[in-house]
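> A predicted structure for the sequence below; I have some questions about it.
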Amino acid sequence: MVSYNDVVNTVVELFRRAETTLSSDVVKALHDAHRREEGTAKSILEAILRNIEIAGKEKIPMCQDTGLPVIFAEVGRDLYFDFSLSNAIREGVVRATKEIPLRPNTVHPLTRENPGNNTGLHMPVIHYDVVEGRELKLTVMPKGAGSENVSALKMALPGDRDSIPLFVAEVVKNAGGKPCPPVIVGVGIGSTFDGAAKLAKKALLRDITEMNDYERDILKKVNSLGIGPMGFGGKTTALSVLVEIGHCHTASLPVAVNIQCWANRHATATLR
Amino acid sequence: MELRIKTPLRKDGVFKLKAGDVVYITGELITARDEAHERMLEFIRAGENLPFSLEGAVIYHCGPLIKDMRVISAGPTTSARMNPSTPEILKSVECIAIVGKGGMNEEVCNALRGKGIYLAYPGGAGALAAKAIKRVKAVYWEDLGMPEAVWVLEVENFGPCIVAIDSHGRNLYREVETKVEANYRYLRSTA
């Protein structure tokens, strides 16, 4: 049986892992980019790679923007909880903030008051899915503001579907150097206004080296812009484009583009 | 060119730095982001002295992660958010440098002419940055919260900082943006 403390401890450990290490696919993509680039672009990627090494070795957050707590929970339908799962996740966030530590980033949107523990109204953001089985799969995804701020959503029309790649390129162009390129681009196509945004965010959890032809084509277009690492020019504006698709209303075509900085932080664990 | 600079900055030293140079800073960084800029403006508009001096200083667009007065991670934040408040603040100083990421607009570029430079530190490299920070010398306006407070940090060889806007009006970001716009127009024409 999954206990309250199991969930709290797992959330803390997942944040520690996500904040201090990157998955091997992202590290590999950054090394590949470093080999390809020259001049300023190369020195920037070198600094990023050195930074990742230091963070991993010393177990400190790789970026001071330790993000907003976003959690994906896949709950096995045979599980029984004698406690509030949301409360346990929330306590995990509070403890992670104190212990790792994380920067207290959450504020009230209007008063800008900071509760100091990364929780608040509807915060952490928790996406629940009920799945088969008796396991609880938790994924934490600390999301930084620099890249979140330049993300965009368009309620396109059914006739616009050929121009989706251009829209993605336009969002990346408008972002320029602000979201800490090289970025990873999550794209949600279809579903509803909110559903497309969730698909775009979920796409960022995939292995970034595994792309289909459609995704590779968009990546090529994005990289032809020449924004480069940190906006100083270069071949690598994005490391990957990941698309998730959902059925939508016959009259609409929502497209969401969620930009993620190179620090594509996420970690997953399964509890039984 | 790779260069080392010390704070407080001097005009002749700052004038020598050219867009594209890579700089390592030793001395003091003063962190300030959105809310600290707003408060600086309140002080300046009221004719009051700031509790810290900006003359010859390096402003660092950064909201550090700090525990027990120790800097854990401290990379730059997006500088564009400070575009609206920066030119008025720059009026009150003779010589200054700004460190951040993502670049700043034409108004800031103009305000830096004959006065200062804008340096870009690799975004997200917070652990690497913390290595070069030796200690917290002081903190002001802690009521703004950890990210938004003003932290005075002692640094040694803080870099690589890329001179993105120099004191002669050259702006590397604008040069790249012009090319990116042309590349985007080409992409649109072939879509």
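Sure thing, it's come through. Residues are numbered from 1 along each chain as shown, chains lettered A, B, ... in the order given.
> Strands of chain A, residue ranges please.
A:68-76, A:125-131, A:136-143, A:152-156, A:183-190, A:238-246, A:253-260, A:267-271 (DSSP state E).
> avg pLDDT for the third one?
When you say that, I think you mean strand A:136-143. Averaging pLDDT along strand A:136-143 gives 98.
> Quick one, grab the pLDDT at the residue of chain B at minimum distance from chain A.
Nearest residue of chain B to chain A (C-beta to the nearest C-beta) works out as residue B:123 at 3.5 Å. In short, each C-beta sits where N, CA and C put it, glycine included. Note for residue B:123: predicted pLDDT of 95.
> what's the single longest helix in chain A?
Ranked by residue count, the top helix of chain A under DSSP state H comes out as helix A:39-58.
> Show me what that helix is packed up against.
Applying 3 or more C-beta pairs under 8 Å, 6 or more residues apart in numbering or on different chains; DSSP states H and E, one finds that helix A:39-58 contacts helix A:4-20, helix A:24-36, helix B:126-132, strand B:150-165.
> let's see 6 Å
Judged by 3 or more C-beta pairs under 6 Å, 6 or more residues apart in numbering or on different chains; DSSP states H and E, the packing partners of helix A:39-58 are helix B:126-132.
> Around chain A, pick out the residues from chain B.
Contact residues, chain B versus chain A (C-beta under 6 Å from any C-beta of the partner chain): B:64-65, B:67, B:72-75, B:78, B:80, B:102-103, B:122-128, B:145-147, B:160, B:173, B:176, B:179-180, B:183-184, B:187, B:191.
> Kindly reformat the strands of chain A as a markdown table containing mean neighbour count.
Formatted as a markdown table, the strands of chain A follow (neighbours: other C-beta atoms under 10 Å in any protein chain shown):
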| stretch | mean neighbour count |
| --- | --- |
| strand A:68-76 | 20 |
| strand A:125-131 | 13 |
| strand A:136-143 | 23 |
| strand A:152-156 | 17 |
| strand A:183-190 | 26 |
| strand A:238-246 | 23 |
| strand A:253-260 | 25 |
| strand A:267-271 | 16 |
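> among those, which is nearest residue A:22?
The minimum distance between residue A:22 and those falls on strand A:267-271, with 9.9 Å, by C-beta to C-beta.
> I'd like to check what contacts the closest one. Which residues are they?
The contact list for strand A:267-271, computed with C-beta atoms under 6 Å, 6 or more residues apart in numbering or on different chains, reads A:2, A:6, A:10, A:14, A:17, A:18, A:135, A:136, A:137, A:138, A:139, A:140.
> rewinding a little: show the buried residues in the residues of chain B next to chain A.
Buried members of the residues of chain B next to chain A, counted by 16 or more other C-beta atoms under 10 Å in any protein chain shown: B:64-65, B:72-75, B:78, B:80, B:102-103, B:122-128, B:145-147, B:160, B:173, B:176, B:180, B:183-184, B:187.
> and the residue of chain A found nearest chain B, how many neighbours?
Relative to chain B, the nearest point of chain A is residue A:180 (3.5 Å; C-beta to the nearest C-beta). Applying other C-beta atoms under 10 Å in any protein chain shown, we find 31 residues neighbouring residue A:180.
> Tell me which stretches of chain B form helices.
B:11-16, B:34-45, B:86-90, B:106-112, B:126-132, B:172-190.
> Grab the nearest non-local neighbour of residue B:35.
Closest residue to residue B:35 apart from its sequence neighbours, by C-beta to C-beta, 6 or more residues apart in numbering or on different chains: residue B:148 at 4.0 Å.
> Just the pLDDT for that neighbour.
At residue B:148, pLDDT is 95.
> Kindly report the same for residue A:1.
86.
> ok, and the closest non-adjacent residue to it?
Residue nearest to residue A:1 in three dimensions, not counting chain neighbours: residue A:80, with 7.2 Å by C-beta to C-beta, 6+ apart.
> now residue A:172
With C-beta to C-beta, 6+ apart as the criterion, residue A:172 has its nearest non-adjacent residue at 5.1 Å, and that residue is residue A:222.
> same question, residue A:137
Counting by C-beta to C-beta, 6+ apart, residue A:74 is the residue found nearest to residue A:137 once chain neighbours are left out, at 4.1 Å.
> List the residues that contact that neighbour.
Contacts for residue A:74 (C-beta under 6 Å, 6+ apart) come out as A:129, A:131, A:137.
> So what sits opposite the last one in the bridge?
On DSSP bridges, the residues paired with residue A:137 through beta bridges are residue A:74, residue A:270.
> Tell me the spacing between it and residue A:80.
Distance of residue A:137 to residue A:80, given as C-beta to C-beta, to the nearest Å: 16 Å.
> Where does pLDDT dip in chain B?
Residues of chain B meeting the criterion pLDDT under 70: none.
> count of neighbours near the nearest residue to residue B:127 once chain neighbours are set aside?
Spatial nearest neighbour of residue B:127, excluding adjacent residues (C-beta to C-beta, 6+ apart): residue A:55 at 4.0 Å. Per other C-beta under 10 Å, the neighbour tally for residue A:55 reads 24.
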